[in-house]
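>>> sequence and predicted structure, then a few things I'm wondering about:
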Amino acid sequence: MAIGAEAVIAALVAVLILLQSESHGGEGGIGWLFGTIFALVLLAVMSVIAGLAGSAMAVLPLVLLGRAVARRTGRRDSWQLTLATLAVVAVALALLIGSCMLLVGFGGLLVYPVLALSLVVGLVPATLCARAAGNPGKPGARWRVLGGVALGGLGLLAVTLAVGVAAYSSGILKIYEPPRLTEADMVGTWTDGGGGSLRFEADGTVTAKGVIKYEATGEQSGASNCTGKWQLTENEGDRPFELSIADCESLSFGWDIGGTEEHPTVFTWIGEPDSGERYILTRQR
């Protein structure tokens with residue numbers, strides 16, 4: 001149950017952090033809020049099930065291993081010895097998993113300490129709770145620990161939510177919004193960093209040079225070199241601005257404004273928007 005509580009709190013923290021990140025998927029509004037709450041409730045149910053499985057496969061074996069080490073070394077079974085055993089196992093797993101990741105070309109040497117620290121932080125609370133719940137010298141310890149984990153988890157969840165709401169309400173953190181550009185802000189050259197560019201003129205013309213074209217499947221299909229007309233239209237809803245380009249081959253739809261006020265971008269989705277991949281051009285000064 002402790003692992004499940006950790007997962008739900010971690011998910012809530014991730015949601016609060018992602019609210020600041022650039023996004024163009026319809027975030028915000030009552031519908032999105034209820035959808036997020038439903039997702040958290042669903043995650044809570046799944047986390048309880050996953051927590052039971054995690055306890056059987058990882059937490060309980062760690063507790064039993066700590067007790068076995070105590071018997072073999074003639075030491076007193078203690079929570080300190082359990083934590084030491086957990087740390088050794090976490091380092092061994094980090095070395096194994098990290099080496100596999102490096103073999104497939106993912107990450108660098110930093111992956112070892114990150115994995116080890118993540119395993120320790122994730123397993124310590126659950127392992128200590130399991131050890132306390134299985135204490136044969138304290139009748140009813142299991143139910144007391146279960147109640148404590150439930151109340152503590154709900155309390156931490158409430159505190160995390162309250163802190164997040166307070167941070168956004170006070171303006172310490174801000175929900176992401178696309179930059180509000182004027183037509184004058186659009187004038188200039190926007191490049192993809194690889195040779196492709198869009199040149200927006202004040203008279204409403206736009207010149208594309210080497211702008212990559214993509215099929216609906218997400219595959220490249222050449223590059224556009226053409227001249228057309230552009231227009232920035234203000235909308236209501238999730239997309240406050242719509243950038244349209246006319247009379248220019250393969251560039252007549254699908255453009256959006258992203259980035260921040262200080263570093264705006266012009267982008268189009270590569271393939272379906274669900275893929276999350278974008279072709280981005282940044283403004284040059």
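All right, it came through fine. Residues are numbered from 1 along each chain as shown.
>>> where in the stretch 51-200 of the chain is pLDDT low?
Low-confidence segments of the stretch 51-200 of the chain (pLDDT under 70): 51-56, 134-143, 145-146.
>>> strands along that one, start to end?
188-191, 197-200 (DSSP state E, counting those that start in this stretch).
>>> which one of those lies nearest to Q20?
Among the strands of the stretch 51-200 of the chain, the nearest to Q20 by Cβ to Cβ is strand 188-191 (24.2 Å). To be clear about C-beta, it is placed using only N, CA and C from the backbone, and glycine gets the same treatment.
>>> strands paired with that closest one, and their directions?
Its sheet considered, strand 188-191 pairs with strand 197-200 (antiparallel), strand 278-284 (antiparallel) by DSSP bridges.
>>> out of those, nearest to A166?
Across the strands paired with strand 188-191, closest to A166 is strand 278-284 (Cβ to Cβ), at 32.6 Å.
>>> in that closest one, what counts as buried?
Neighbour counts using 16 or more other Cβ atoms under 10 Å place R278, Y279, I280, L281, T282, R283 of strand 278-284 among the buried residues.
>>> ok, back up a step: what's the most buried one of the strands of the stretch 51-200 of the chain?
Of all these, strand 197-200 has the most neighbours on average by mean count of other Cβ atoms under 10 Å, namely a mean of 21.
>>> elements contacting the next helix or strand after that strand?
Downstream of strand 197-200, the first helix or strand assigned by DSSP states H and E is strand 205-214. Applying 3 or more Cβ pairs under 8 Å, 6 or more residues apart in numbering; DSSP states H and E, we find strand 205-214 packed against strand 197-200, strand 220-234, strand 278-284.
>>> can you list those strands in a markdown table and add distance to R72?
Formatted as a markdown table, the helices and strands packed on strand 205-214 follow (distance: least, Cβ to Cβ, whole Å):
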| stretch | distance to R72 |
| --- | --- |
| strand 197-200 | 69 |
| strand 220-234 | 61 |
| strand 278-284 | 57 |
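>>> mean pLDDT lowest where, among these?
When these are compared on average pLDDT, strand 220-234 comes out lowest at a mean of 86.
>>> next up, the contacts around the closest residue to V69 other than its chain neighbours.
Leaving aside its sequence neighbours, V69 sits nearest to T85 (Cβ to Cβ, 6 or more residues apart in numbering; 5.5 Å). By Cβ atoms under 8 Å, 6 or more residues apart in numbering, the residues touching T85 are L62, L65, G66, V69.
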